[in-house]
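Trainee: Let's see this in three dimensions:
(chains A and B)
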Amino acid sequence: MSSLWMLFSRIRGWLSSRREEEDFARELESHLELLTQENMRRGMPFEEARRAARVRLGGVTQIRERHREMHTLPLLEIVVQDIRYGLRTLRKSPGFTSVAVLTLALGIGANTAIFTLVHAVLLKPLPVAHPEQLYNLGDDQNCCSLGGSQDSFTLFSYPLYREICDHTPEFSEIAAFRSHIPKLSVRRSSSDAFAEPFRSQFVSGNYFSMFGVGAFAGRTLSPADDEPGAPTSAVVSYRTWQVRFAADPSVIGSRIIIDRQPVTIIGIAAPSFFGERLGGDPAELWVPLASEPRLTPIGSHLNDADDYWLYAIGRLRQGVTPVEAQARLKSEVQQWIAGRPEMSGYTREELEKMVFTLTSASGGIMGLQVDYAEPLRFLTVVSAFVLLIACANIANLLLARATASRGEIAVRVALGASRGRLVQQVVTESLLLALAGGAAGVALAFLGTRVILLLAFRGAEYVPIESSPSIPVLLFAFVVSILTGVIFGMAPAWAGSHAQPAETLRGTGRSTTDRSRVPQKALLVLQAALSLVLLVGAGLATESLRHLENQKFGFQTTGRLVVRVDSDLGGYAPERLPGLYQELQERLAGIPGVQSASLSMYSPMEGSNWGDPVSIAGHPAPAGKVLSSSLNSVSAHYFETIGTRLLSGRVIDDRDTPASRRVAVISEAFARKYFPHEEALGQRFGIGDASHAGDYEIVGIVEDSKYNEPREPAYVRAFLPLLQARENNSNIFHDIQLLVAGSAQNLEPVIRRALASVDSNLTVIRVTRFDEQVAENFNTDRLVARLTTLYGLLALLLACVGLYGVAAYTVTRRTSEIGIRIALGAPSGSILAMMLRMAMFPVVVGLLVGLPLALAGGHAIASELYGVKTYDAFVLGAAVVVLVASSIVAALIPARRAARVDPIAALRYE
Amino acid sequence: MPEDSPGILQGTLDLMVLKTLETLGPLHGYGIARRIEQISEDTLQLNQGTIYPSLTRLLQKKWISAEWGASENNRKAKFYSITKAGRKQLTHEARSWERIAGVIGRVLRTGDSG
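Mentor: Numbering: from 1, shown residues only, chains lettered A, B, ... in the order given. This next block holds a predicted model:
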């Protein structure tokens, strides 16, 4: 207890230290007086009495010092002292300080920027209540509407979902929602001629209550809204309300029209909520699942028990383990499927081997997170390397400065400074530098993050990720700064603890031996090695991206536009379509600048695919296996418009009408797979079981084209004429392709007008350049390539600055030696060569160390590379050349200075 | 709260200061030092300045209190007085010392007779 009192009184003493000291000085003075008087009473004269009194009292300085020590917090005092001293020292050498702070800002900023992204994408949970209790029923890696077996069960049909809801008490709530968020065309009122696309998510009635998300205004959906007979209600997202409804409060209760259906907006969701998944372009509206057949009548999934199209997230009850719940769910799903006619397309074997995993949904549906986990990990390592190089730079700078001021340090040690105290001072100074660098780095990171987000989410109109530094990010920057300060502070601290005061004082300046040479060289080697690794990484990533973007896709992107259309043609009699399509194609082809126009169900590289089992006439499937193919329905002129080459036979053209014989065009892969040793033209196949095997006659083979996975070989694919296709509502088109001559200057309004003039039920959702559409598939690859290159160049710059610094310092230190050499007749060329050799030696060693590291690193990311091997000679060679060339340039300037040293001036200077 | 003080010499000096103040009442630093010298019959020849750390310690533990006042020659001096807690501590310390002295005494006598 009394030790607490002591602490308090020490703190109080520290706060009022000056007054305390004056007080005590007076007390000592009075003591001295009394002693003096005693002595004078004994008969001593004043002077002697006073002197004797002093002796009897003891050393006044020591007593005061002791008193002061007892009245302060010595630790705090020392720290404050060190901080003041450190700041003074840094202010005295502004050049050094600014270079150091800038270097640190770049290093720490690079890391903070990446961490902002890592935190937002990988670490931050959904802005909902108790996200740690949420679990994905499945791993969400399948999308979007499947009939047939899933190896890892993740998509639910609506009746299956209802079954699970009722019979799984392990969860307090299970919500379901569409696996892919569609764009529905919405009219603000029935008088509006133009409909606008809104990203509208279909959700179960308990969606908002399961997430624990309330309404900002109005109310959210409830299970009562999700009944078949209930009037259709919608909840608007906060951002959509602000941006597209201009924050108009009268929106609540107002009516909008979706697909001719009236929908009432009943509320605005809480401001931070963006839905069940993090990604670009989040949902703008939420509507109940029960309204799905009304709002998307074509291809409605709701009432088909074998149509698996929903994701589900559930809130696990307290006390239940995920393992239990997972086991229960798996057996429920298996039982349900076993009871379906034809077991929903599963074989008995598939059903038994079915995988069902419960994965954490604290981050929601993890699609984005899975895509970004690898690249972000890679970028974190890259930025860590940059920071290491920055640390090495500062360490070298500090070492150089310590060696230069070793005379001063020697004097201080001789005067009684303890080594521990010196080390403490140096470490304090390092921490000050690091914190200053960290603060500047945070500012840099903020700017950088905005650019990174633009790169990473190119093509998205809005991403719910904040670029401004949040508390975790600031904390990260702070911790990294401290660590950095400690790491590079070790170098001068080590130098300080090895100071030899006597030797130094004896012969400052003349000595050519320098204990800091080895660590300096070692740091240079480290920098060179890390720079090489980063340069190689940048080269590999960039080459990989180049190969991805320039590969043979099987179509041409230059001069092409893709228009995504919401063709609200449900209820149109099939006889109307040919006339409609022809008129549309003619109208589009008639637009000035348009050379060719076509329609299709979907286009390449937009993320869509249609796959179904097929049967081939005369080629029955082997027992237990199902033949399948990707499919697309296309209009006449399709292949010409998107630039897919015809290999044999003919393309789909105007001859192919509902009345003519049904034909199809297949891809090379289809021909190779199903007709490996025979002519494919003339063969017949159909969609579904063997009864359909004769539906379509193959009349043409086109080259393989990639519609989905750019890194995989092209899928087996067949193309049906738009007007003849019947399955899956495939006679309704959703995309228009346009081949445009010259520069396509803002054709969008013209296109809209053209569509509207043909039929008002056609709404343009989006007009994109085809090359842009393809490029969006490579957002992560581009992000990695660009950032690695940027960071690699940054690292190279830092390493070269470091090399320059060390070389310049060496020249300065060895000026007298160089002077002697020149005076003795050495030609300036040999001096130049000598300095260059000295500077390049650590670089070469660094290359030798870095090459195997770079190869190992390349091997680690080999699975992410496309079209380039990890030991690609061009990339390695280029990296080595760049590093060596930059190093030579960096070392050249001080080397030339060395060669021009004036021997007389050099030798005169002590 | 009574407690054991660390270090023999430190502790004894603190003890002597407390005893002095209890016996003589409020006193300034010089007076306390003088008294201790007298009591120890000048065997304890410390510099008088060494009482100040003791005084600080005792002040921090609130066993003594301090006040500026007028000294004998009408000059200003800081006077220290013992507090109630100090008196309690003193009693406790005294008993400890007697106990220790008794034990040591017995040990020495046993050694003798053995």
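
Trainee: Doesn't residue A:685 lie inside a strand?
Mentor: Yes - under DSSP: H, G, I helix; E, B strand; the rest coil, residue A:685 falls within a strand.

Trainee: Please name the residues that touch the closest residue to it other than its chain neighbours.
Mentor: Nearest non-adjacent residue to residue A:685, counting by Cβ to Cβ, 6 or more residues apart in numbering or on different chains: residue A:616, 4.4 Å away. C-beta: built from backbone N, CA, C; applies to glycine. Going by Cβ atoms under 8 Å, 6 or more residues apart in numbering or on different chains, residue A:616 touches A:627, A:674, A:683-685, A:693.

Trainee: cool, residue B:49 as well?
Mentor: Contact partners of residue B:49, counting by Cβ under 8 Å, 6+ apart, are A:28, A:57-60, A:62-63.

Trainee: between these, which has the most around it?
Mentor: residue A:57 (23 neighbours; other Cβ atoms under 10 Å in any protein chain shown).

Trainee: Let me see the ranges of the strands in the stretch 1-150 of chain A.
Mentor: A:134-137 (DSSP state E, counting those that start in this stretch).

Trainee: What about residue 99, how many residues nearby?
Mentor: By default, I'm working from chain A. Number of residues near residue A:99 (other Cβ under 10 Å) recorded here: 16.

Trainee: my bad, the chain I had in mind was chain B
Mentor: Neighbour count for residue B:99, taken as other Cβ under 10 Å: 10.

Trainee: What separation is there between residue A:65 and residue A:21?
Mentor: 10 Å (Cβ to Cβ, to the nearest Å).

Trainee: meant to ask about residue A:307, not that
Mentor: In this structure, residue A:307 and residue A:21 are 86 Å apart, going by Cβ to Cβ.

Trainee: Could you check which of those two is surrounded by more residues?
Mentor: A count of neighbours by other Cβ under 10 Å puts residue A:307 above the other of residue A:307 and residue A:21, at 21 against 16.

Trainee: The more buried one contacts residue A:147, correct?
Mentor: Yes - here residue A:307 reaches residue A:147: they are 6.0 Å apart, a contact under Cβ atoms under 8 Å.

Trainee: pLDDT score assigned to the residue in chain A that chain B sits nearest to?
Mentor: Residue nearest to chain B within chain A (Cβ to the nearest Cβ): residue A:58, separated by 3.1 Å. pLDDT for residue A:58: 85.

Trainee: Quick check: nearest residue in space to it, chain neighbours excluded?
Mentor: That would be residue B:47: by Cβ to Cβ, 6+ apart, it lies 3.1 Å from residue A:58.

Trainee: Tell me which residues touch the one you found, please.
Mentor: The neighbours of residue B:47, taking Cβ under 8 Å, 6+ apart as the test, are A:56-59.

Trainee: picking up where we left off before, out of the contacts of residue B:49, who's nearest residue A:420?
Mentor: Ranked by distance to residue A:420 (Cβ to Cβ), the contacts of residue B:49 are led by residue A:62 at 21.9 Å.

Trainee: how about the residues of chain A near chain B?
Mentor: Proximity of chain A to chain B, by Cβ under 8 Å from any Cβ of the partner chain, involves residues A:1-2, A:5-6, A:9-10, A:24, A:26-28, A:30-31, A:33-35, A:37, A:56-60, A:62-63, A:66-67, A:70-71.

Trainee: ok, so what distance separates residue A:660 from residue A:12?
Mentor: For residue A:660 relative to residue A:12 (Cβ to Cβ), the value is 101 Å.

Trainee: actually residue A:23, sorry about that
Mentor: Distance of residue A:23 to residue A:12, given as Cβ to Cβ: 13 Å.

Trainee: do the same with residue A:564
Mentor: To residue A:12, residue A:564 is 73 Å away according to Cβ to Cβ.

Trainee: what about those two, which has more around it?
Mentor: Neighbour totals were compared for residue A:564 and residue A:12, and residue A:564 leads with 20 against 13 (other Cβ under 10 Å).

Trainee: Starting from the helix or strand where that one lies, tell me which strands it pairs with and how they run.
Mentor: Using DSSP states H and E, residue A:564 maps to strand A:560-567. Its sheet considered, strand A:560-567 pairs with strand A:735-740 (antiparallel), strand A:762-769 (antiparallel) by DSSP bridges.

Trainee: out of the ones you listed, deepest packed?
Mentor: strand A:735-740 (a mean of 24; mean count of other Cβ atoms under 10 Å in any protein chain shown).

Trainee: just how off-centre is that strand within its chain?
Mentor: Centroid separation between strand A:735-740 and its chain, computed with Cα atoms, centre = their mean, to the nearest Å, is 33 Å.

Trainee: tell me which strands and helices the helix or strand following that strand is in contact with?
Mentor: The element immediately downstream of strand A:735-740 (helix or strand, assigned by DSSP H and E) is helix A:748-758. Counting contacts by 3 or more Cβ pairs under 8 Å, 6 or more residues apart in numbering or on different chains; DSSP states H and E, helix A:748-758 packs against helix A:576-589, strand A:762-769.

Trainee: at 10 Å what do you get?
Mentor: Counting contacts by 3 or more Cβ pairs under 10 Å, 6 or more residues apart in numbering or on different chains; DSSP states H and E, helix A:748-758 packs against strand A:560-567, helix A:576-589, strand A:594-600, strand A:735-740, strand A:762-769.

Trainee: buried residues in it?
Mentor: Going by neighbour count (16 or more other Cβ atoms under 10 Å in any protein chain shown), the buried part of helix A:748-758 is A:751-752, A:754-755, A:758.

Trainee: what stretches of the chain score poorly on pLDDT?
Mentor: Unless you meant another one, I'm taking chain A. Scanning chain A for pLDDT under 70 picks out A:1-2, A:13-14, A:190-193, A:496-501, A:503-516, A:568, A:570-571, A:743-744, A:909-910.

Trainee: The chain in question should be chain B.
Mentor: Applying pLDDT under 70 to chain B flags residues B:1-10, B:42-45, B:111-114.
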